[in-house]
Structure formats: structure tokens, C-alpha cells
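A.B. asks: Need coordinates for the below:
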Amino acid sequence: MKARTLLLLGLFLAAFSLLATNGKVRASDDAQFKWVIVSSASALAVDASSITLTGTGTFAPNDPDEVTGGGTWAVSTGGTGTFQVTRLIRSDFTEPVSGSSIRGGVVFLGVAYSDGSRGVLTVNCRFPGTHPNVAEGATASKGFVDYFNLQPHGTFFQQLSSED
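C.D. replies: Sure, this is the predicted structure:
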């Protein structure tokens, strides 16, 4: 029960942080990044129902409208389809993995689902040596349901280009 309370407090603080920053994205330059959910990722809602996601796309941290990509979704209570990324809400990265263009961190993406609902896809990426508070996997909201309980699975961010 204590873990659930801490998780809910963490989600509240994350949501407050997004609102308090007025959607501003933190990034060190005008680079373009690729986000990838390797194979598929799942997350659970309060009632233990789940969403399973696949997907890939690109985004520019300093331009919330410069996004591409999407993927598929399936919920355990019934329903499947596709989703399309509509905007970047926020991105924060760790230092690059030594000698590569791969980064850890967290990215929040606005998405439109094929059944007409909307939500937020959160992609988290953690590598060995990354701060221990960085998660690995993806969570999503879909309509009024928040699939917040991340089930760890492979994801990554790759820097594709920089305008520096």
C-alpha cells in the first residue's frame, strides 16, 4: 500500500511539473531524436487492465509540432488499433551512452488513437550507469484511463541530427 501511495504521489508531481512548465521542453540544442519501443511494452491501470504498445517515431526537442510516428495499441478489456503522435509535450535526457548517439531519459508525447480517443504516451529509457530514478519502458493514458504501472521493457532514444 505504501508503494502505491508513493507511486500516486510521483504521478501527481509529474503532472504538476508538466502543467507548471507550460509545456516547455528542456533540451540542450536543436537536435532531432528517434524514439523506439523495442518489440512491445505494457502498462497496467488501477484495475489491473493493461495496454500493450508498439511504435517508433521522431521528434525535435525545441519544436513540439515537429513529430512523426506512431504504432499499435491493444487493451486487455477489449479493443485494438493504431495511434499517431500529434505533438511533443516534454523531453528530458541523460548524458549519451559513451561513444554513441543513444540517450536515456523520458519523453511525453501527445497521441491520437484510431478509435477517436486521445492520450499521452510516456517513453522511458534507462541504460547501465543511468540515474536509478530513470525507468525503462512505456506508459500511456487513453481517454480517462491512465495505464501508469510500467512493466519494464526495452526502449531507446537516438540522436539523429543536430542543427548546431
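A.B. asks: mind checking which helix or strand Arg87 is in?
C.D. replies: In the assignment (DSSP states H and E), Arg87 maps to strand 80-96.
A.B. asks: now for that strand, which elements pack on it?
C.D. replies: strand 50-60, strand 63-75, strand 102-113, strand 118-125 (3 or more CB pairs under 8 Å, 6 or more residues apart in numbering; DSSP states H and E). Placement of C-beta: from N, CA and C, glycine included.
A.B. asks: Reformat those strands as a markdown table; add mean pLDDT and mean neighbour count.
C.D. replies: Formatted as a markdown table, the helices and strands packed on strand 80-96 follow (pLDDT from 0 to 100; neighbours: other CB atoms under 10 Å):
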| stretch | mean pLDDT | mean neighbour count |
| --- | --- | --- |
| strand 50-60 | 97 | 21 |
| strand 63-75 | 96 | 17 |
| strand 102-113 | 95 | 21 |
| strand 118-125 | 97 | 22 |
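A.B. asks: Next, format these as a markdown table and append distance to Ser141.
C.D. replies: Formatted as a markdown table, the helices and strands packed on strand 80-96 follow (distance: least, CB to CB, whole Å):
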| stretch | distance to Ser141 |
| --- | --- |
| strand 50-60 | 9 |
| strand 63-75 | 11 |
| strand 102-113 | 9 |
| strand 118-125 | 4 |
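A.B. asks: closest one to Gln151 among these?
C.D. replies: Proximity to Gln151 (CB to CB) singles out strand 50-60 among the helices and strands packed on strand 80-96, at 7.7 Å.
A.B. asks: Asn62 contacts Gln32, correct?
C.D. replies: No. Counting by CB atoms under 8 Å, Asn62 stays clear of Gln32, with 9.8 Å between them.
A.B. asks: Overlap of the contact sets of those two?
C.D. replies: Counting by CB atoms under 8 Å, 6 or more residues apart in numbering, Asn62 and Gln32 have no shared contacts at all.
A.B. asks: Low-confidence bits of this protein, can you list those?
C.D. replies: Within the chain, the ranges that satisfy pLDDT under 70 run 1-29, 162-164.
A.B. asks: Thr77 should be in a strand, yeah?
C.D. replies: No. Applying DSSP: H, G, I helix; E, B strand; the rest coil, one finds Thr77 to be coil, outside a strand.
A.B. asks: Sweet, I'm off.
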